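Engineer: Would you be able to build a 3D model of this:
(one chain, ligands or ions: 2)
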Amino acid sequence: MIIFKKFTFDCAHYLPKVPVGHKCRNMHGHTYHVTFFIDGPIDDNLGWVMDFTDLKNIVKPVIQQLDHAVLNEIPGLENPTAENLAVWLWNELKPAIPQLDKIELMETPTSGVIYNGS
Ligand SMILES: Nc1nc2c(c(=O)[nH]1)N=C([C@H](O)[C@H](O)COP(=O)(O)OP(=O)(O)OP(=O)(O)O)CN2
Ligand SMILES: [Zn+2]
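Structural biologist: Ligands and ions are numbered 1, 2, ... in the order given. Purely as a prediction, here's the structure:
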């Protein structure tokens, strides 16, 4: 079974590698919405795949690094496209959450990425 938990965070960023004149070369902000999907069996005794509260407590400190930050200033996010941010989140959290199945990251209400480690 797959369970999921959603988080939001607000960031500034610019995309340094897009061509001159592209709107995303300018510093701008987003409210990101990210969903973490956890895949595993239902524990017979507890009746759940993973405690949502445990999941929150693992993810929150990582999200706090991003919230109200300039993403470009964070090591590994010098080119903070949605794709690179999803990979960064995966690399930060997969070691602590082996059952992590995929991440869905929405940069705007209409633009986003899904990443599962490949
Ligand atoms: N593949 C990618 N393309 C773009 C990225 C990205 O990270 N990966 N990022 C941007 C911009 O940073 C911007 O955040 C998103 O652009 P866009 O979807 O055009 O945003 P809008 O709010 O203007 O879109 P609406 O269509 O008005 O919803 C650009 N491309
Ligand atoms: Zn942007």
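
Engineer: Run through this structure and note the low-pLDDT ranges.
Structural biologist: Scanning the chain for pLDDT under 70 picks out nothing.

Engineer: what residues does it put near ligand 1?
Structural biologist: Among all residues of the chain, those adjacent to ligand 1 (criterion: C-beta under 6 Å from any ligand atom) are 15, 24, 30, 81-83, 107-108, 110-111. From N, CA and C alone the C-beta is placed, and that goes for glycine too.

Engineer: Looking at the residues you listed, which are in strands?
Structural biologist: Among those, the subset assigned to strands under DSSP state E consists of 30, 107-108, 111.

Engineer: neighbour-wise, which of those residues leads?
Structural biologist: E107 (21 neighbours; other C-beta atoms under 10 Å).

Engineer: roughly how far apart are that one and Y115?
Structural biologist: Separation of E107 from Y115 (C-beta to C-beta, to the nearest Å): 13 Å.
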